[in-house]
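Chemist: how does the following fold in three dimensions:
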Amino acid sequence: MSEKLQKVLARVGLGSRRYMEEVIAAGRVSVNGQVAQVGERIEPTDELRIDGRKVQFQIEDEIRRRVLIYYKPEGEICSRNDPEKRPTVFDNLPSLAGDRWVMVGRLDINSTGLLLFTNDGELANRLMHPSNEIEREYAVRVMGEVTPQLKNNMLKGVVLDDGPAKFESFSEIGGEGINRWYQVVVKEGRNREVRRIFESQGLKVSRLLRTRYGTVILPRELRTGRWIELDKNDIDNLTKSVELKPRQGTGLYGMAKRRTERMQDKPLNARRGGFLRQQRRDNDPTATPSIPPRERGERRDDRRDRDDAARKPSGLNRGFKKF
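Modeler: Model prediction:
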């Protein structure tokens, strides 16, 4: 079992695949004491060095395949780093020794819901590729009346700036007045596709929540800003949907497995607030400021004392009880 050298080096975390090709071309990488070439394949028993330093590695097929579900809150961006220092979806993920998480698809900063992460780049690419037609399901709150004609237009297909798009299914799931919730399914992951389909019909999406990606459904017990790891059966079903062979080392084990079992029995609370919500509070002078827990407790006690004092009988009413 062998793998391309630049792919191994990139997965270890030493840089992007393109950068590692430059490092190899510069003669800084050796395999078994010989200067390596770009595109060279490496075996598990080979000795790999960069600038004379030995690099520990595993061939991809030997690495345990792992998949996480993350419940993205509003205000986090789908990027590893942000020049504006906003929170990212990677901030709350567990660390991987000698490996890294690859995000499957994206959600815009205003959207929430299910995001998949895996350490298997091939799986991620297949799940995202349009040719595999993996379904993405969303719960969408829409401002405006969705008439039968508009619904039919979105099911038949509309023309967007980057080509035609449509919903595979469309159903109403609740709401009242001008704000109603709908469940829609698409088979592509283009930028803001769901929002743009509604906008093409003069409708505005006020909330968007992804509830399913392929065979994976957002668990009821998962709270915003939290993650949960998939077990072997769930991962094998996911890989089967994109015709990828299963691995023996797959899914949960050890402490990660016990953590997931505990979360299912007793879910963690949602992470407090959100970047955009906090930003709105900061920019709105009429908004009620957040109070630290200790201060909240003190103010609650003060209020209780004040209420008790107000209820104490005085004057002519002293000693009488109200039934």
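
Chemist: bridge partners for the closest residue in space to Val104 that isn't next to it in sequence, pull those for me.
Modeler: Closest residue to Val104 apart from its sequence neighbours, by CB to CB, 6 or more residues apart in numbering: Leu116 at 3.9 Å. (Glycine included, C-beta is placed from N, CA and C.) Per DSSP bridges, the residues bridged to Leu116 are Ile69, Val104.

Chemist: pretty sure Leu116 contacts Leu127?
Modeler: Yes: assessed by CB atoms under 8 Å, Leu116 is found in contact with Leu127 at 7.0 Å.

Chemist: hey, what's in contact with both of those two?
Modeler: Taking CB atoms under 8 Å, 6 or more residues apart in numbering as the contact rule, Leu116 and Leu127 both touch 104-105, 213.

Chemist: among those residues, who's most crowded?
Modeler: Val104 (25 neighbours; other CB atoms under 10 Å).

Chemist: can you tell me how far it is from Gly113?
Modeler: Separation of Val104 from Gly113 (CB to CB, to the nearest Å): 13 Å.

Chemist: cool, and Arg28?
Modeler: From Arg28 to Gly113 the distance is 43 Å (CB to CB).

Chemist: please report how far the most centrally placed residue in the chain lies from Asp51.
Modeler: Centroid-nearest residue in the chain: Leu115, 2.9 Å away (criterion: CA atoms, centre = their mean). Applying CB to CB, the value for Leu115 to Asp51 is 36 Å.

Chemist: pull the longest strand anywhere in the chain out as PDB, backbone CA atoms only.
Modeler: Using DSSP state E, we find that the single longest strand of the chain is strand 204-213. Taking Å, rounded to 0.1, in the frame of the first residue of the first chain, the C-alpha atoms of strand 204-213 are listed here in PDB:
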ATOM      1  CA  LYS A 204     -36.700  36.700   1.800                       C
ATOM      2  CA  VAL A 205     -35.300  34.000   4.000                       C
ATOM      3  CA  SER A 206     -35.100  35.100   7.600                       C
ATOM      4  CA  ARG A 207     -33.700  31.900   9.100                       C
ATOM      5  CA  LEU A 208     -32.000  28.900   7.600                       C
ATOM      6  CA  LEU A 209     -31.200  25.600   9.400                       C
ATOM      7  CA  ARG A 210     -29.500  22.600   7.800                       C
ATOM      8  CA  THR A 211     -31.100  19.500   9.200                       C
ATOM      9  CA  ARG A 212     -29.600  16.700   7.000                       C
ATOM     10  CA  TYR A 213     -26.600  16.000   4.800                       C
END
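
Chemist: what sits up against the next helix or strand after that strand?
Modeler: Later in the chain than strand 204-213, the nearest helix or strand by DSSP states H and E is strand 216-217. Here strand 216-217 makes contact (CB under 8 Å, 6+ apart) with 67, 69, 114, 116, 211, 230, 234, 238.

Chemist: and the next helix or strand along the chain from strand 216-217, what other elements does it pack with?
Modeler: Using DSSP H and E, the helix or strand that follows strand 216-217 in sequence is strand 227-229. Counting contacts by 3 or more CB pairs under 8 Å, 6 or more residues apart in numbering; DSSP states H and E, strand 227-229 packs against strand 67-72, helix 254-265.
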